[in-house]
Structure formats: C-alpha cells, structure tokens
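1. fold the following and give me the result.
(one chain, ligands or ions: 1)
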Amino acid sequence: MNLIEYPDRELMMLALADKVASQLRRALEVEERVTLCVPGGTTPGPVFDILSGLDLDWARVWVMLNDERWVDETSPRSNTALLRNRLLRGAAALAHLVPLYAPAATPEERLEELSHGVRSALPLTVLMLGMGADMHTASLFPGADRLAEALAPDAPPVMALRAEAAGEPRITLTAPVLRAAMHCHLLITGAEKRAALERAASLPETEAPVRIVLSNATIHWAP
Ligand SMILES: O=C1O[C@H](COP(=O)(O)O)[C@@H](O)[C@H](O)[C@H]1O
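-> Have a look, this model is predicted:
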C-alpha cells in the first residue's frame, strides 16, 4: 500500500489539498476541462475549506461526489449540501457541479438523468475517497443489496443501492469508474479506520469494498 502517515489532521488536509490542486493544474494544461470527484461524510470538510481558496481555473473544473444519500439538500445528511457549503464557494464557486441528487422519492426515478450527467464528466481526473470503519467507500457498503453488480467490471458508472448500515437509499459511482481515475487519494483518520484499512488488505472486495482502490490509491492517514 502506498500510505502516507501525517503527524496530525491539519497537516494532512493542507498537504492533500495542495497535491490535488497541483494534479488538477497539470491536467488543465492539456485538457479543456477536468473532473474532481470527492467524498461526503464527516472527514473531508477541512480539505474542502482549503481547496476552495486555492488558485485554480475553477471554471474548467467539474466537481462530482463519489456518492449521495437519498435525502434533500436541506438534510444535515446531504453530501451535496456539504459540497456547496465547504467546497463550491470562494474561488471554487466557479466550478461546475455534476449532481448526484434530484428531488424524488427514490434514486431509481432519477437515475437515468443523473447517470447522463456523470457519463459526460468521465473520466475522473482526480478522485478523493473516504472510508467508513466498516470498510465501505463511496456507497459501496459490505452487505449492500446490489454490491456484486456494482463491483463487477461491466457495472454501469452509477447505481442505486441499499444497505442496512447506510440508512437512506444511496446512489454511488461503481468500481470500474473509481478504478479508472487518473489520480486517486484515500483519506483516512483515526485508529479505528487505520485498523480497518489493515484488515481490508486481506479480505475479499465483497467484505471490504475499499479494496477496489488499494493498489492504485495514495492513502493519506492521520491520527
Ligand atoms: O456515508 C458516507 O461515508 C463515507 C465515510 O464517511 P465518514 O463520515 O466516515 O468520513 C464517505 O466517504 C461517503 O462519501 C459517505 O456518503
């Protein structure tokens, strides 16, 4: 595993934001437009705060979540709201948001139109991922109803799935799209997730979905 250990979270967030911005800048030298794909949840807020103020041609950056909880943006569980409040502001307000949510009772009702947007933003230039202590990444949860399909090499780019541990229904990018990212960073904090990461390396992908990126991700960890 390509693991970088930082003495504290502040340093990790600064270093990661700097790395992501320089990878995007380099890609913008040769591409008209680039895609940054980011996690939701509790971990990435500080790196979003730093990134949003960095000098970048944000108008040519498309920003997309790894996954979304099927809740309205007014919910504190909304990853889209996190993105709007912490990343798509300041200089980064010029970036283009590729939505993973649209109001409807179930993700299946909006899956086709959301997939269309995602397909037009592929491939992922820079992918940042989080991980739960249960070794899920994006919304690829162990035990999810359609996990095997989402891990398969011929999975569609986006799928709706459900898992007991997930709470709400989820919409998520699938393994082939995540694996194909040009640059991949996995962001992990704390002792519990560090132990889960070590366990994941010897488990099958169905039990530890984060395994799908372990061989090509740079893993960033701080206590
Ligand atoms: O539900 C989710 O969980 C993971 C991990 O979140 P964290 O709160 O433990 O940082 C996150 O990466 C994913 O995007 C999110 O939807």
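
2. residues of this structure that sit close to the ligand?
-> The chain comes close to the ligand at residues 39, 40, 41, 42, 43, 66, 67, 69, 79, 130, 132, 139, as judged by Cβ under 6 Å from any ligand atom. (Glycine included, C-beta is placed from N, CA and C.)

3. same for the longest strand along the chain, what does it pack against?
-> Counting by DSSP state E, the longest strand found in the chain is strand 183-189. Counting contacts by 3 or more Cβ pairs under 8 Å, 6 or more residues apart in numbering; DSSP states H and E, strand 183-189 is packed against helix 9-30, strand 126-129, helix 211-214, strand 218-222.

4. which of the residues of the chain next to the ligand tops the neighbour count?
-> Using other Cβ atoms under 10 Å as the neighbour criterion, residue 139 leads the residues of the chain next to the ligand with 32 neighbours.

5. pLDDT (mean, whole number) over the helix or strand hosting residue 49?
-> Assessed by DSSP states H and E, residue 49 sits inside helix 45-51. Confidence over helix 45-51 (mean pLDDT, whole number) is 98.

6. could you list the buried residues of it?
-> Within helix 45-51, the residues that count as buried by 16 or more other Cβ atoms under 10 Å are 46, 47, 48, 49, 50, 51.

7. could you give the angle of the helix or strand following that helix to helix 9-30?
-> Moving toward the C-terminus from helix 45-51, the next helix or strand (DSSP H and E) is strand 61-65. Comparing the axes of strand 61-65 and helix 9-30 via axes from the mean of the first three to the mean of the last three Cα atoms, to 10 degrees yields an angle of 130 degrees.

8. next helix or strand past strand 61-65?
-> strand 67-69.

9. run through who's touching that following strand.
-> 39-40, 75, 77-80, 100-101, 138-139, 166-173 (Cβ atoms under 8 Å, 6 or more residues apart in numbering).

10. sheet partners, orientation included, of it?
-> If you go by DSSP bridges, strand 67-69 pairs up with strand 170-173 (antiparallel).

11. the partner strand: what's the following helix or strand?
-> helix 175-179.

12. which other helices and strands contact that next one?
-> Using 3+ Cβ pairs under 8 Å, 6+ apart: helix 175-179 touches helix 211-214.

13. got the CA coordinates for the helix it packs on in CSV?
-> C-alpha atoms of helix 211-214 as CSV (Å, rounded to 0.1, in the frame of the first residue of the first chain):
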residue,chain,number,x,y,z
ARG,A,211,-10.0,-2.9,-1.6
ILE,A,212,-11.0,-1.9,-5.1
VAL,A,213,-8.7,1.1,-4.9
LEU,A,214,-6.0,0.0,-2.5
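
14. which strands and helices lie in contact with that helix?
-> Partner elements for helix 211-214 (3+ Cβ pairs under 8 Å, 6+ apart): helix 175-179, strand 183-189.

15. mind doing that once more with 7 Å?
-> Helices and strands touching helix 211-214, by 3 or more Cβ pairs under 7 Å, 6 or more residues apart in numbering; DSSP states H and E, are helix 175-179.
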